[in-house]
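S.K.: Predicted model and sequence follow; I will ask about them next.
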Amino acid sequence: MTFIIVLALVIAAVFLFKANDKDNAARKDAKPVKAIITKLRCEQRLKGDKSIVVVSYNGKSYSVFPTEKKCFQYQLNQEVEVFYSKKYDKLFLEL
């Protein structure tokens, strides 16, 4: 039984490492572009709530989950400079 638990932990660690590695590679590949904020929800009423910023770029919408403090820096329909990785099709508010 202990072997199965240890094996599951090792597999989970490898999976998380690879996911983080892809995110880091996407950030390195990202180029600055202009995008428009189409949806904004900053208030976190419940413990599990997250702030969400929906950014529209090239006809696609990308959801980003910043901290509540950073979320209040943005306004609806504001044009912002974001970072976009074409290879990974990911958008970041900041690197």
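M.R.: Cool, got the structure. Numbers count the residues shown, from 1 in each chain.
S.K.: Mind naming the longest helix for this structure?
M.R.: The residue-count maximum for a helix in the chain (DSSP state H) belongs to helix 2-29.
S.K.: Give me the below-cutoff pLDDT ranges for the chain.
M.R.: 16-19 (pLDDT under 70).
S.K.: Look at Ile37 and give its secondary structure.
M.R.: Secondary structure, DSSP: H, G, I helix; E, B strand; the rest coil: Ile37 is strand.
S.K.: Report the beta-bridge partners for it.
M.R.: Val55 (DSSP bridges).
S.K.: wait, isn't it in contact with Gln78?
M.R.: Yes. Contact criterion Cβ atoms under 8 Å: Ile37 and Gln78 qualify, at 5.0 Å. C-beta coordinates here come from the backbone N, C-alpha and C atoms, glycine included.
S.K.: Comparing the two, which residue is more hemmed in?
M.R.: Using other Cβ atoms under 10 Å, the more surrounded residue of Ile37 and Gln78 is Ile37, with 19 against 13.
S.K.: so how far is Phe15 from the residue located most distally from the centre of the chain?
M.R.: Relative to the centre of the chain, the most outlying C-alpha is that of Met1, 36.6 Å out, by Cα atoms, centre = their mean. Between Met1 and Phe15 the distance is 22 Å, computed by Cβ to Cβ, to the nearest Å.
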